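[1] Structure for the following, please:
(chains A and B)
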Amino acid sequence: MGQADSGNSKPAPAPVNAPRRALRPSRRASEPRMSLNLAPMIDVTFLLLIFFLLTTTFQRAEGVLGANLPHDRGRPAVSLPISPIVVRVASTGPAASDFALRIDDFAAQPVSFSELSGFLVDIRQNEGFDVDTPVVIVAGADTPWELVVECWNAAVRARCRNIAFGGEGR
Amino acid sequence: MTPMIDVVFLLIIFFMVVSKFASAEHVPMELPQPERSQARQVKLRDRVIINCQAAETPAGPQVLYRVGPNPPEVLEQISSRLARAQAAARAEGRELIVVLRADRRLPFAEVRAALEVVRENEIEQLRLVALVGEGE
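    A predicted model of the protein is given here:
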């Protein structure tokens, strides 16, 4: 097979009587010029580039905060948890830093969400409180959602496992 | 010409790699950004996304509730969608997870209305969406 191919690729011998010099220029002229037409490829490439430039948005990633809603499936073996920890949050002004936090039945009142997280950890030192003690976040109807999520985040940070929403009248 | 094409291809590859195409389910909104956020990026199966969007209308600020990429609906319609999704998930022996995306500026009462719908449908698995913390 290889032999046959190599035989075919050989140029056909010129007729004996044909003038050699006349044959060569005519063959060169008939050969197509080999060149790659780059223009369409560049067009497409630039279109793609512009598409990606326009559609790309650099955005902060979003994630989820776990929140299992309480369910009265069975009762806890120990009935020690005296009462849930009630965290009250209210907005006191238009700015994001205008808020008031209160934990019912505890003397210390946090002024920031980091402090709230610390308090929720500290509260577990008391007898009857642990990570499963319900934490109820109570917010007024006009409290911005952001403050509620801040409280929730603080409770998650404190490794509380049982967090719920409460509400002050609708 | 060749160096230019090289550069252009590099740029294209860069944008292809860094681009995360916004999912239609994730309606653009200002999400809560808690300090030292504990929010984690996780892939959830059997989840329904409820978007609570704050929209400025000529009549004043308004809340648009929508399930995933669907057009805005009233809460009753959202409730029936959740009921159907819940029934489908239960039929396959799985638990439905509701992912709540709400604009951070919304008053709690508006978000609580959506939470009530979730509770009415006896869905226990809820996730709240917040921005992931810096460097986490």
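[2] Could you check how far the closest residue to B:V129 other than its chain neighbours is from B:Q41?
    In this structure, B:V129 finds its nearest non-sequential neighbour in B:R101, 4.3 Å apart by C-beta to C-beta, 6 or more residues apart in numbering or on different chains. To be clear about C-beta, it is placed using only N, CA and C from the backbone, and glycine gets the same treatment. Noted for B:R101: a distance of 14 Å to B:Q41, by C-beta to C-beta, to the nearest Å.
[3] any shared contact partners between these two?
    Listed contacts common to B:R101 and B:Q41 are A:E62; contacts here mean C-beta atoms under 8 Å, 6 or more residues apart in numbering or on different chains.
[4] Need the per-residue pLDDT for residue 80.
    This is for chain A. We have a pLDDT of 52 for A:L80.
[5] My question was about chain B, not that one.
    B:S80 is assigned 91 on the pLDDT scale.
[6] Do a quick rundown of the helices in the chain.
    All of this is about chain A. A:2-9, A:20-30, A:39-55, A:113-123, A:145-157 (DSSP state H).
[7] Correction: the question concerned chain B.
    Under DSSP H, chain B gives helices at B:2-18, B:75-91, B:108-120.
[8] re the thing from before, hang on, isn't the residue nearest to B:V129 packed against B:V27?
    Yes. Between B:R101 and B:V27 a contact is recorded at 7.2 Å, counting by C-beta atoms under 8 Å.
[9] So the two - more neighbours on which side?
    B:R101 (22 against 18; other C-beta atoms under 10 Å in any protein chain shown).
[10] residue contacts, that one?
    Residues counted as contacts of B:R101 (C-beta under 8 Å, 6+ apart) are A:62, B:26-27, B:29, B:31, B:49-52, B:129.
[11] Next step: those restricted to strands.
    Judged by DSSP state E, these include A:62, B:49-52, B:129 as members of strands.
[12] Out of those, which is nearest to B:E122?
    Distance to B:E122 across the ones in strands among the contacts of B:R101 (C-beta to C-beta) is lowest for B:I50, with 15.5 Å.
[13] Quick check: which ranges of chain B have low pLDDT?
    Along chain B, segments meeting pLDDT under 70 span B:20-22, B:135-136.
[14] Grab the nearest non-local neighbour of the residue sitting nearest the centre point of chain A.
    Ranked by distance to the mean C-alpha position of chain A (C-alpha atoms, centre = their mean), the top residue is A:A61 at 3.6 Å. Leaving out its chain neighbours, the residue that sits closest to A:A61 by C-beta to C-beta, 6+ apart is B:V132, at 4.6 Å.
[15] Then B:N51?
    B:V27 (4.4 Å).
[16] That neighbour touches B:I50, doesn't it?
    No. Checked against C-beta under 8 Å, the pair B:V27 and B:I50 is beyond contact range at 10.3 Å.
[17] Mutual contacts of those two, please.
    With C-beta under 8 Å, 6+ apart, B:V27 and B:I50 have common neighbours B:66, B:101.
[18] wait, doesn't B:L75 sit right on B:Y65?
    Yes. Counting by C-beta under 8 Å, B:L75 does reach B:Y65; the two are 6.0 Å apart.
[19] looking at chain A, which helix or strand does the model trust least?
    Among the helices and strands of chain A, helix A:2-9 carries the lowest confidence by mean pLDDT, DSSP states H and E, at a mean of 45.
[20] State the distance from A:L47 to B:V132.
    Using C-beta to C-beta, one gets 33 Å for the distance from A:L47 to B:V132.
[21] Please apply the same query to A:A108.
    A:A108 is 30 Å from B:V132, by C-beta to C-beta.
[22] what's the answer for B:A59, then?
    With the distance defined as C-beta to C-beta, B:A59 ends up 35 Å from B:V132.
[23] which stretches of chain A have low pLDDT?
    A:1-30, A:67-82, A:167-170.
[24] Please repeat the previous calculation with a cut-off of 80.
    Low-confidence segments of chain A, defined by pLDDT under 80: A:1-33, A:56-61, A:66-83, A:94-97, A:105-108, A:127-128, A:130-131, A:166-170.
[25] Which residue, neighbours along the chain excluded, lies closest to A:L101?
    Distances taken as C-beta to C-beta, 6+ apart place A:P110 nearest to A:L101, at 5.0 Å, with adjacent residues excluded.
[26] Repeat that for A:V121.
    Nearest one to A:V121, counting by C-beta to C-beta, 6+ apart, is A:A158 at 4.9 Å.
[27] Need the phi and psi values for that neighbour.
    phi -80, psi 10 (degrees, to the nearest 10).
[28] residue contacts, it?
    A:117-118, A:120-121.
[29] For chain B, state which of these is nearest.
    Proximity of the contacts of A:A158 to chain B (C-beta to the nearest C-beta) peaks at A:S117, which lies at 7.9 Å.
[30] Distance check, that closest one against A:G128.
    20 Å.
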